[in-house]
Structure formats: structure tokens, C-alpha cells
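A.B. asks: Give me a 3D structure for the following:
(2 chains)
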Amino acid sequence: MNEAETKHSNTKSQDLSLNSGMIGAAVPRPDAIDKVRGEARFVDDLVFSGMLHAAVIWSEFPHAKIRNIDLTAIMDDPRVVCTLTSEEVPGDNIVHVIYDDQPALAAGIVRYIGEPIALVAAEDRASARAAATRALIDYEEIPAVFDPEEALRPDAPLVAVPAAVEKGPNLFNSMRIRKGDIEQGFAAADVVVEGEYRFGYQEHAYLETQGAIAVPEEHGAMAIYGTMQCPFYVRSAVAQVLGLPLSKVRVVQTATGGAFGGKEDVPSLVSALAALLAWKTRRPVKLVYDREEDILTTSKRHPAVIRYRSGAKRDGRLTAIEVDFIYNAGAYQTLSSAVLWRALMSAAGPYRIPHVKVDGRMAATNTVPNGAFRGFGSPQMNFAHESQMDLLSDRLQIDRLEIRLRNALQIGDETATCQRLEESVGLTETLEQAGQTVDWENRLRKIEAFNADSHSRRRGLGISTVTYGVGLGGKAPFLDKAGAYMKLEADGSITIAVGTVEMGQGLTTALTQIAAEALSLSPERIHLAPVDSSRVPDSGPTVASRGTLMSGLAIIAAAEKLQERVSSAARDLDIPKEEIPSRLPEIARVFFMRNIDPAVEGWASGEPVDWDPESGLGNVYFVYSYATHIAQVEVDLVTGEVNVEEFVAVHDSGKIVNRRLAAGQVEGGIAQGLGYALMEEIPRQGGRLLTTGLTTYRIPTICDIPLRSEVSFVEAICSKGPFGAKGLGEVPLMAAHVAVSRAVVHALGRPITTYPFSPERVKKAVTMQKNSE
Amino acid sequence: MSGEKEFVQHLQHLKIGSIEDLLQQIGEPGARIICGGTDLLVKMRSGAISPERLLDISEIDALRAIEEKDGRIEIGAAVTESEILASELVTVCLPLLRTALVHLGSLQIRNRGTLGGNLVNASPAADSAVPLLLYNAELILQRAGSERSIPVEEFFRGPGQTALASGEFLRTVSIPIPREGFDPFFHKVGRRRALAIAIASLGALLWVEGGVVAEARLAAGSVAPTAIRLSRTENLLTGEKITPELIAQARELAAQEVSPITDIRASAGYRREVIGDLVERFLNEVVG
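C.D. replies: Just a heads-up that it's a prediction; the model follows:
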């Protein structure tokens, strides 16, 4: 079979002769002990001499002109040092993400509740926060729009600044795919199924809220310490608002308590605000959001509506899909255009479809700007394409696992963007292995028997299959790069610096293992320095499941250079090759005594990708990861409560670098997915979000996690990844939430198409089902 | 986000050593009793209340005991929820109280939160209210020079409102041990299993003797301004044989008897329906 061949050919294409067994090993994470003991230093743990504390004055209206800002009462307290408004911004009053539409501080107009208007710096946090409440902002409310579908109607009030609106009124962006001939595709179909799927927000709910400290340094430079995913985004943003060259801004990532995409673009704003006050006062300034500020003012997963038609032959083979979707961007572009693109790329799912028509729109509304969240526009699509597959299965009376197997992409197939898959497609194996693990057919029979016997509880089995293009892809290939700096110290230890970050996902450990493997050293000899933008070149963002891949490749490139120098020194010393690792201190000493350059740099640049906006086609990602999840749930028909009883997750992310951490990523994704499917919801009233804390925004606790879960990997080796690895981070969530929600639908025998599947929504479906019986 | 004030700056926190000390301080303006703080501190942080002085009664020995006296279990107001869960007396004599408290908050909250605090906070969703209503608990309230005992049903007056008079505090919860031979039921509907504020909850105790309902007690939380007994449904059941027709009537009546609101947790309609359906489930379980 194809897979075995791929594995074989990849073994040849990459030199694994130095394999020291590091790759795949369950190396414990070096940061775990620090974090468990409370010794890891998060941004709010850091104190600088003379440091001030900042508070933000936020917009209280979703759309209003600012007639006057009166901050005189703020200065009543002698502990308040200064205030700052948009007029004092020394550089551009812009936080650039993709477009230049978002101001650091609102100038004359606010477009969402929670937009920053002015800043306060005080000697302590309590004084700063108390002072901020004394601001008197004179607003003149103007018409606003909150719903993305309403926003796109011709008579809707205009939200956005014209420069950022590329495609039409309140239309931040629209994109499409046209593959084959859609009419022909549906004409060839024996059955056509349709669905409309709706989603609300998902909040990241990372443990550590947003925060940054700006520290003025010598010669007019500025340093930023903060919790973040993208130090180089933060550096650009701070340089732009302060009007400084990039070389004068240094960004240090502090221990980061979770991010999930929420710390991709938002830290640029948080750091810019802290930096403005530090610039004005010439003192260090700390700005840390409390939970309420974090929930109300920072990005979330996009609310969405997706309309989906699928056509298939009697044997289950898909002939065509037609997808139309609108996502709610909020008031500014931030990352929404990139999210739109990935949603577009995810629309077809992991299936072979000859005729594809997809249209996506990103609408501007007077709500908090939405942004990156694990899956980046895909999870909504994943529920839609998997719901469609279940509808087809039902209509055609073909088993749900079987219909997926019949359509699953394989090596040699063409994706929805006409990309031919040349290697590393483990999708079919994930389906087969997941099915075997739960004993699919027997399990279905058991569930049927249970349901026949029970009238107030019902079980269901849900299956979901997803694919994820690894890296940033054909829309922004210039971002896909990474550097690594590596140096052999005089005692034979190795210091490495990279530009992608540890945010809890285990990157430090995975990269240490890759370095250890590449250098044939034990991981204890290797230390990854904290991420500091002055140590390495711009390495792009830590997003898109690309960290291990890109920084791993940069480390391998650096290691090869260092190995060369070490081997040459070893030859001079008559040290045989196999003794190099154990005698490295001796060799390092020679480097030191003879002034041999002990430092090397590695560089990785993304594989070529392309995308044509007109047709929406191209070789959009250089490789894809795959997963199949199966969940078993029990639904209480009386209350609508759902208990996730069992979970099976099978992933193809290429070679797994660290099994324990990879399984941890998957388990975390299951928990987060379970929350998205069943619990997490932010009701909105006009432009106001009604959920302001973790009392009412419910994420799962350990008690909700399935008692039985089994995570496994099929490793379809990727010749272009470090030691055959692909990306993993986002995929677990994408697959997990769909397995849970589809299991509920299976249990009820009636579709639910709106997220989340709250007890109330489930009970409503039960009642409707009863009434129809 | 904008209204938050620093609430600890001008605040006195006094550890009260005895009931006598408490009675001396309780009437002072700006004073407020704290006993665990799992609700009080949340309200202080949000600015809903801003006391100047906290009288901490959590270490008064006289309020810390669980005792059996004359066929009653007496629980001091300052006994923590975790202590109640660890009590053998409660496990044996008041199993529904245990069942309800297992679902309260999280371990950390139960370690600090107290029975008295849970009752005085008077949330319609208070987890201890439903079992105490079912057990016909009496609350002993004390003030300088006098004490009185009132049924728990009369203690709750509305969301956050109790029968406590000025200068009065809740000292003891006194619960008659119910006679044996009952069918118990408790279900708390939440979106997750821990740290969940009930969307709705139903508890029940039912004695069936000689094929008919000798006594029925039903109580519901989060479906009215206070936790309540479903007395009309109880009356319907008492003296009757449980038949499918009776179950259907009870289901309907229970749903009518509650007066829920729509909030961000759930709609009134859902809450009403779920109470009726839980009554049906319970009665079906009793019949087997």
C-alpha cells in the first residue's frame, strides 16, 4: 500500500543514521516542574525598579463619536502619574495586523464596546484602575450593526473605515473556490443534501490573561516583556506606534500560560498600550488585563453561519459541494482575512470532490474584533462538512465510517484546490484504526441495544474526520520562515535560541529533542534560551501548527553546520566519530583555545506554495495533517445533559517527536472541543457581551472529561518535516468537538445545527423528535 | 471592567472568638458577617456590596459542630461543606444533603464555604436549600437576648433576601432525622458537572406505604425567586396510588407550580419543562 512505500522512501531521503532514539521518546518537559511549583515567572510576576501600572479607559458604546474626553478627575489622586490619549501617540496610531485599520487608541470614534480610548499610569494597580473609572467621555451614539448577515444588507450602518473595506460595505473580505463545473457535479449526483449551521463565540479562556511590561532602555530603545505567541508581531506594532526603527525594539516572551491563538494578534495591542505610557513617563509600565477585560475586549472564535449543499452518487462518492458562509469579524480586520482563507481551505473536508464551489465572506460589525483560535476558521467548517457526510450516510443508508473511507483523500488524489497529494497522507489509516479501536460495528449494535432498553437516556456514537494544512500556506508564504541560533559553549553544553515560543504546547521539549537527535547528544546538554527578538531573525508567528516543524528545521540546519566544525576539530584530535558525543567537552575546549567560531545559525524557509485568488485553486499547503475522532455520549433525554463517556482519537501528524506531549495536546484538544460543542457560549445583547467571567462562561472541568479515552498515532512520514514530523497543535480540537456533537445527533436521531449543544437545545430537539414520532 | 474598585484597602477583618463577641459587634454600622467568603468576596469584588468591617465567625467553636440530639442532626452555621461531606452522621441520616453538596462548586470552594453562608446568601440556586427543604430543617436564629427557630421555607424571602432581622445571625441548622423507608431523588441540571450554578434542580423524598403515597416531599431550586417546596404536587400525590395518569398529572402540576425566569443560563420554558419531566422520572423510578 502507498503508505508503506512512503515511509520507506522517506527513510532514504533523510539521514537518520545518527538516530539516538530521541525522536518519539517521552522526554519529560523541562518547564513542568517550574510550573507545578509556581516558580515559572509569568508577566505579572515580574517587577522592574520604578515600575508603573497602567489601566485602560474602554469604550462603553458599540458605535459612537467621541465628542470630548475629560480626564481631569483622574489626576485627583497623587499616585496617578499621567494619562494618555490618541493625540499623544508619537508614531502611527495604528496596530497593524494585516491591514492598517485598527487604532491603538480610539481617535474621535469608537466601533465596539471595549475599544481602548485612553490610558492611565499610576504608582500601583489599584490607583490606576480606580482612576480610570473617573474618566468622563462624552459620546454621541451612532447607528450600529451587530449581526453579520444584517451587516451585509445594503441599508446597514457602516462599521469600518473605508480603507480597510476591500470588497464592499461592511465586507472586510470575500474569497472563493471554483473547481470543476458545479452544475455538472450536482447533475451527476443521485442525492443532494443541504444544511445550515450556526455558531457563536468561543473564548480562549487561557489561564493567564493578557499582559505586558514595557521597559525603556538606553539610547531610546524599548523592551517589551509579555505573554505572547508572536514576538515579531509585537516588535513591529510597538515600533510603529512609537515611531522607532525595529532595531530599537526588543521583545522578550515571558512564561506564557496558554494562548490557543488568543495571543497571536492581541499582544500587539496590549504591548503598544504599555509602550506608549513607558515612552511618555520614561519608566517601566505594566499592563495586565483582568479576566473581565480579557473576555470583553479581546479576540474570540468567529461566530459563523454556513450553508452547505453536497451531492453524491448512490455508492456514496461525492460529486459536488456548494458552500456559502459568513463569519462575523467584529469591528476591525485584525486576522479575519487570514481566518477567512483557512475556512475556505477547510470547507471541503478531507474528501475527494471533483466539483467544488465555495464562497466565503467576512462581515464587519460593531462587536469585539475576532481573531485566531485553535483551528483558525476551520472548526466551524469541520462541523458543517461532517454533518453533511452524516446526512448523506443516512440518506444513502451507507455506514458513516464506510462513506468516509470511500471519499477519503489518498496519495495521488486532488484536493478541493486541485492540489495533487504526493506524500504523507495517513487519513485512511486514522479512519481504520479509530474504527478498530472502538470496534465500530459491534459498538453500534451495543448502543442500539442499550437505546432499545432505555427510554430516558440514549447513547450515540459520533465520528469526525478532518484535515489541516500545516503552516501558513499559499496566502502568506512570506511569513513561513524561522531562524535558529546555536552555540557550543566552552564546557560542551549547547545553547539554542529560536523565534517561536513555548506557550504550554511543549515546543521547548520537542525542539530540545530535535536538537539532541540532530547533534546526537543527550537533551540535558542542551538549553533553549528564552525567546528574545534580538537573538534571532524574524521567525514568523507561533501559529498554524508550525512551531515544531519550522524551528525544528532551522535547528537541524544549524546542527549540520555545527557538526561539520565539530567533526573537523575531532579529526584534528584523532577522536573517532562515535566518540564525539561523549568527548564533546574536550572538543569544545579546543574551540575555545584555538578561537574557532562556536556559533552557527540555521534557517528554514517554507516549501513553495501558491494560490490563485480568482479560481481559489493552488498548491496551498506543502503538507497536511489528518485525524479521526470517535466519541460515545449518553444523552439524558429529560434534562438534555450530555455525558461524554468515551473517546478515541487517531492522528496522522507525521513522525511524532514526543509521544507524551503529543498525547497531551490531543487530550487538551478533546477537552476544549467538548467545551465548544456542549458548554461554551457568550450571549450577546446588541454590542454587549453578557458573559463577563468564568462563572458564566463555562469551560469543562476535569469532571467532564471522558473517563475512557485512547489517543494513538499513525505516522505518515513527511519528507519535508524535521525527522518526518508534521504539525499537530490545532487538529485535535477540530476533530474533537465534531465527534461530540455528531454523537449527540446520532443519539437523538434528529439533527441539531446550532452550537453549542446546551441542555436546553438538546432537550428542544428531544421534544421535537417526540412530537414527530 | 470599569466599575471595579480595590475593595481591601479600607477594610477591617476581625476574627470573632465567641458568640458573645459576635453579638456585641453585629449591630455596628458597616459590619458584615463573613463565614467562608465564597459568595461574599465575589459580591465585594464586583462592587455589589462594600462593607467596612468583616466579622469572621468561621472559627467560633460553638458554630463548628455536627451533633445528634433527640432525633435531630444539628449543624453549626460555620461547618464547611467539606466537613458535612466527611460526616458519618450526615452520610447515614441525611443522604440527600450529602448528594446535593457533592455537586456544590469545587473542592476548594467546599473547603471554605459553609452551610450557614450558603443559606444566608439566599441564592435561588443554593445547593443546600433543596435538601434542607426536603428534610423540614429548622433554622435557629439568634440575637442579643433572644433566639428563635423558623422553618427553612420561611427563611428565604427572595433572591438574596432572608428572614434575618437586624442584629440577628444564623446559628444552627436543626434537621429532624426522617423516618426510614423513603425513596430519595436529587438531580441538579448544569452545563458541566463541577463549578456549575444549577440551571434547575429537583429533590424528593417519598414514602410509599401499602401501595399508596403516605408522604411526598418535593423541592426545587433555580426555578423561583427562592428554592421552594412543590406543595401542590405533594398534595396531589399524597394518599394516592402511583399510576401513569397520576404521574402525568404530577408532571404537569409541578411544571405549573414553579415560576422560573429566563436568564443567561437557560430560558423559563426549559426550566419549567425540566422540573415536570424530572418529577416524572422520579415517580417512574419509584414505581420501578
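A.B. asks: can we go C-alpha only for contacts and neighbour counts from here?
C.D. replies: Fine.
A.B. asks: Spell out which residues of the stretch 51-200 of chain B are next to chain A.
C.D. replies: B:Val189, B:Gly190, B:Arg191, B:Arg192, B:Arg193, B:Ala194, B:Leu195, B:Ala196 (C-alpha under 8 Å from any C-alpha of the partner chain).
A.B. asks: can we see that at 10 Å?
C.D. replies: B:106, B:187-197, B:199-200 (C-alpha under 10 Å from any C-alpha of the partner chain).
A.B. asks: Which two among those residues are spaced furthest apart?
C.D. replies: By the measure C-alpha to C-alpha, B:Ser106 and B:Ala200 form the most distant pair in those, at 18.2 Å.
A.B. asks: Which one of the two is surrounded by more residues?
C.D. replies: B:Ala200 (26 against 16; other C-alpha atoms under 10 Å in any protein chain shown).
A.B. asks: Around chain B, pick out the residues from the stretch 401-550 of chain A.
C.D. replies: A:Ser456.
A.B. asks: Can you list the buried residues in the least confident helix or strand in chain B by mean pLDDT?
C.D. replies: Ranked by mean pLDDT, DSSP states H and E, the weakest helix or strand in chain B is helix B:40-46, scoring a mean of 91. The neighbour-count criterion (16 or more other C-alpha atoms under 10 Å in any protein chain shown) identifies B:Leu40, B:Met44, B:Arg45 as the buried residues of helix B:40-46.
A.B. asks: Pull out whichever of the residues you listed are also neighbours of chain A.
C.D. replies: Okay, of the buried residues of helix B:40-46, nothing touches chain A (C-alpha under 10 Å from any C-alpha).
A.B. asks: and the closest residue to A:Arg41 other than its chain neighbours, how far is that from A:Val215?
C.D. replies: Distances taken as C-alpha to C-alpha, 6 or more residues apart in numbering or on different chains place A:Ala255 nearest to A:Arg41, at 5.9 Å, with adjacent residues excluded. Distance of A:Ala255 to A:Val215, computed by C-alpha to C-alpha, to the nearest Å: 17 Å.
A.B. asks: Same check on B:Val223?
C.D. replies: As judged by C-alpha to C-alpha, B:Val223 and A:Val215 stand 53 Å apart.
A.B. asks: dump the residue contacts of residue 166.
C.D. replies: Assuming you mean chain A. With contacts defined as C-alpha atoms under 10 Å, 6 or more residues apart in numbering or on different chains, A:Glu166 is in contact with A:Phe172, A:Asn173, A:Ser174.
A.B. asks: Correction: the question concerned chain B.
C.D. replies: B:Ile26, B:Gly27, B:Arg143.
A.B. asks: Give me the local confidence score for the closest residue to A:Leu678 other than its chain neighbours.
C.D. replies: The spatially closest residue to A:Leu678, leaving aside those adjacent along the chain, is A:Phe757, at 4.5 Å (C-alpha to C-alpha, 6+ apart). If you check A:Phe757, the pLDDT there is 98.
A.B. asks: A:Phe757 contacts A:Gly640, correct?
C.D. replies: Yes - if you go by C-alpha atoms under 10 Å, A:Phe757 and A:Gly640 touch, sitting 8.8 Å apart.
A.B. asks: overlap in contacts of these two?
C.D. replies: Contacts common to A:Phe757 and A:Gly640, judged by C-alpha under 10 Å, 6+ apart, are A:Val744, A:Lys763, A:Ala765, B:Arg191.
A.B. asks: now the second one, what's its secondary structure?
C.D. replies: For A:Lys763, the secondary structure call by DSSP: H, G, I helix; E, B strand; the rest coil comes out as helix.
A.B. asks: Check the gap between it and chain B for me.
C.D. replies: Separation of A:Lys763 from chain B (C-alpha to the nearest C-alpha, to the nearest Å) stands at 8 Å.
A.B. asks: Please apply the same query to the first one.
C.D. replies: To chain B, A:Val744 is 15 Å away according to C-alpha to the nearest C-alpha.
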